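Q: just coords:
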């Protein structure tokens, strides 16, 4: 089993590399759980003694663990890519992206009886971003917010704009969660890496749920 | 793109077709998978991957899906292979010994502009994908991938090759017009949200096949991993409530352990 590295153990805490190492170690640790189940279940000697029906059960349960490992592996790949590769940034209108992200989860929230309120700045300068990655980031945060909400809660997606920056906030001031599932934790690490790589700045807390990030605006031409 | 499997009966027997307790001896299985009498109408695929095990595995599984498959472990012979045999699709790994995948792709694309190329890669950087697409790749699949997804992409590329783009599609009594953005079931017009429309569009593009939740997350929500919510199930429920009303045959089916499929009747 691979142990998680605590932040205090990092050689140079705070650096991008240290953060990446910490997240990778967290991901390896998370992947070790389904791997342990697979290793125990797919024992060759044990399998030899199983009939076809029993084999089918082993295969079905193993498939779920493999999916989980692939999911974690995919997140780790994206994380390394987000930390190490400069994204291609273009001036992009943020509000349509936020509206798209909100529309993409609205029925999930409705079904879970979690209210999703959106309040966007009336006018908003274009921001210098990779639109696809920001859309992915906002969608991921909304899904994590949903996972950490109770029925009856209100999650707010808001944007505000100043001269040089555009700020986006996803909050649930009613509630939060003390812990996240491993995949949700990794997807938040990915969100953070993506925002940082786009010269943005993200802060977040779980209880109450409050994720905020700022992106650099492209100044309006005078 | 998609992780779909055909719902119809396959021509090649699989382990699922055997009675409980039965087994297939390796020689029999090998014979089934490498049937020399495979109809010449089956699509021909050339796989180029330096990982011998992966090549063998992909070959075996695609043969089970009624494709004729050849595998090469380096890129040098690809041009001559394509000259000597007609292939319908090239599955190409980017990391190859002697001649790298990008060079192979450039070479192939200049001689065979219409041959669909599906790139397999462990690189997930946007620049690599953009470069690959600029060099002529038709689609990308990032390792690790599911076999269902690979099969679906292979089929989609082959379908794209053989059919011109259409603006409307039909599944049973359900008609979708992409250009004008409307959906009808019989005489009934169905109002869908933007996301529901995308979801249905994806199912209609893969009618009759099971599509996994993960694939739908990737293709409809642009999220390449499972966010550990039931978002796909929830949207599918809303969509199903609009598509399959009381008294009508159910078009959207849940495929246990996989995801969903849209039936044709």
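A: Great, that's in hand. Every value quoted in this text rests on a predicted model; they were computed, and no experiment measured them.
Q: Can you tell me the closest non-neighbouring residue to residue A:23?
A: Nearest residue to residue A:23, sequence neighbours excluded (Cβ to Cβ, 6 or more residues apart in numbering or on different chains): residue A:189, at 4.5 Å. Glycine gets a C-beta too; all of them are placed from N, C-alpha and C.
Q: Any chance you could list what contacts the longest helix seen in chain B?
A: Scanning chain B for the longest helix, with DSSP state H as the assignment, gives helix B:147-162. When contacts are taken as Cβ atoms under 8 Å, 6 or more residues apart in numbering or on different chains, the neighbours of helix B:147-162 outside the stretch itself are B:1-5, B:43, B:45, B:58, B:61-62, B:65, B:67, B:88-89, B:91, B:114, B:116, B:118, B:138-139, B:141, B:205-206, B:209-212, B:215, B:258.
Q: How far off centre is the helix or strand that comes right after it?
A: Toward the C-terminus, helix B:147-162 is succeeded by strand B:168-171 as the next helix or strand (DSSP states H and E). Taking Cα atoms, centre = their mean, to the nearest Å, one finds the center of strand B:168-171 at 19 Å from the center of the full chain.
Q: near chain B at all, stretch A:128-136?
A: Yes. For a cut-off given as Cβ under 8 Å from any Cβ of the partner chain, stretch A:128-136 has contacts with chain B, namely A:130, A:132, A:135-136.
Q: again with stretch A:172-181
A: Yes. Residues of stretch A:172-181 are located near chain B by Cβ under 8 Å from any Cβ, namely residue A:181.
Q: Could you find the closest non-adjacent residue to the residue most central in space within chain A?
A: Within chain A, one residue has its C-alpha closest to the average C-alpha position: by Cα atoms, centre = their mean, that is residue A:187, at 2.4 Å. Nearest in space to residue A:187, with sequence neighbours left out and distances taken as Cβ to Cβ, 6+ apart, is residue A:140 at 4.8 Å.
Q: and the one you found, what is it in contact with?
A: Listed by Cβ under 8 Å, 6+ apart, the contact set of residue A:140 reads A:187-188, A:190-191, B:223, B:227.
Q: again with residue B:225
A: Residues in contact with residue B:225 (Cβ under 8 Å, 6+ apart) are A:71, A:74-75, A:78, A:183, A:187, B:214, B:217.
Q: Write out the residues of chain A neighbouring chain B.
A: By the rule Cβ under 8 Å from any Cβ, the part of chain A lying against chain B is A:51-53, A:60, A:63, A:67, A:70-71, A:73-75, A:77-78, A:81, A:85, A:87-88, A:100, A:103-108, A:111-112, A:130, A:132, A:135-136, A:139-140, A:143-144, A:146-147, A:181, A:183-184, A:187.
Q: just the buried members of those residues?
A: A:67, A:70-71, A:73-75, A:77-78, A:81, A:87, A:100, A:104-108, A:111-112, A:130, A:135-136, A:139-140, A:143-144, A:146-147, A:183-184, A:187 (16 or more other Cβ atoms under 10 Å in any protein chain shown).
Q: Can you tell me which of the contacts of helix B:147-162 end up in strands?
A: Restricting those to those inside strands, with DSSP state E as the criterion, leaves B:4-5, B:45, B:89, B:91, B:118, B:139, B:141, B:209-212.
Q: which regions of the stretch 1-150 of chain B lie under the pLDDT threshold?
A: B:1-40, B:123-127 (pLDDT under 70).
Q: Toward the C-terminus, what is the element adjacent to the host helix or strand of residue A:185?
A: Counting by DSSP H and E, the element that carries residue A:185 is helix A:182-197. Following helix A:182-197 in sequence order, the next helix or strand is strand A:201-205 (DSSP H and E).
Q: Could you check the pLDDT of residue 219?
A: Picking chain A for this. The predicted local distance difference test score for residue A:219 is 71.
Q: looking at chain B here, not the other one
A: Predicted confidence (pLDDT) for residue B:219: 86.
Q: Which secondary structure element of chain A has the lowest mean pLDDT?
A: Within chain A, confidence by mean pLDDT, DSSP states H and E is lowest for helix A:44-48 among all helices and strands, at a mean of 81.
Q: Return the distance of it from the chain's centre.
A: The gap between the average C-alpha position of helix A:44-48 and the chain average comes to 38 Å, counting by Cα atoms, centre = their mean.
Q: buried residues in it?
A: Within helix A:44-48, not a single residue qualifies as buried, counting by 16+ other Cβ under 10 Å.
Q: next SSE after it?
A: Later in the chain than helix A:44-48, the nearest helix or strand by DSSP H and E is helix A:52-84.
Q: What's the first helix or strand after that following helix?
A: Going down the chain from helix A:52-84, the next helix or strand is strand A:90-92, by DSSP H and E.
Q: How about that next one, which residues are buried there?
A: Those would be residue A:92, for strand A:90-92 by 16+ other Cβ under 10 Å.
Q: Stretch B:168-188 now?
A: Taking 16+ other Cβ under 10 Å as the basis for neighbour counts, the residues of stretch B:168-188 that come out buried are B:171-172, B:174-176, B:178, B:183, B:185.
Q: Would it count as contacting chain A?
A: No. When contact is scored as Cβ under 8 Å from any Cβ, no part of stretch B:168-188 falls within range of chain A; the minimum is 14.6 Å.
Q: Touching that stretch from outside, list them.
A: Contact with stretch B:168-188 is made by B:167, B:189-190, B:192, B:197, B:200-201, B:203-205, B:207, B:243, B:245, B:248-249, B:251, B:262-265, as judged by Cβ under 8 Å, 6+ apart.
Q: taking those residues one by one, which sit in strands?
A: B:189-190, B:262.
Q: For the residues you listed, which entry has the maximal number of neighbours?
A: Highest neighbour count within these: residue B:262, with 23 neighbours (other Cβ atoms under 10 Å in any protein chain shown).
Q: mind listing what that residue touches?
A: Taking Cβ under 8 Å, 6+ apart, we find residue B:262 in contact with B:171, B:174, B:200, B:203-204, B:206-208, B:251-253.
Q: now it, nearest residue through space, not along the chain?
A: Distances taken as Cβ to Cβ, 6+ apart put residue B:203 closest to residue B:262, at 4.0 Å, once the chain neighbours are dropped.
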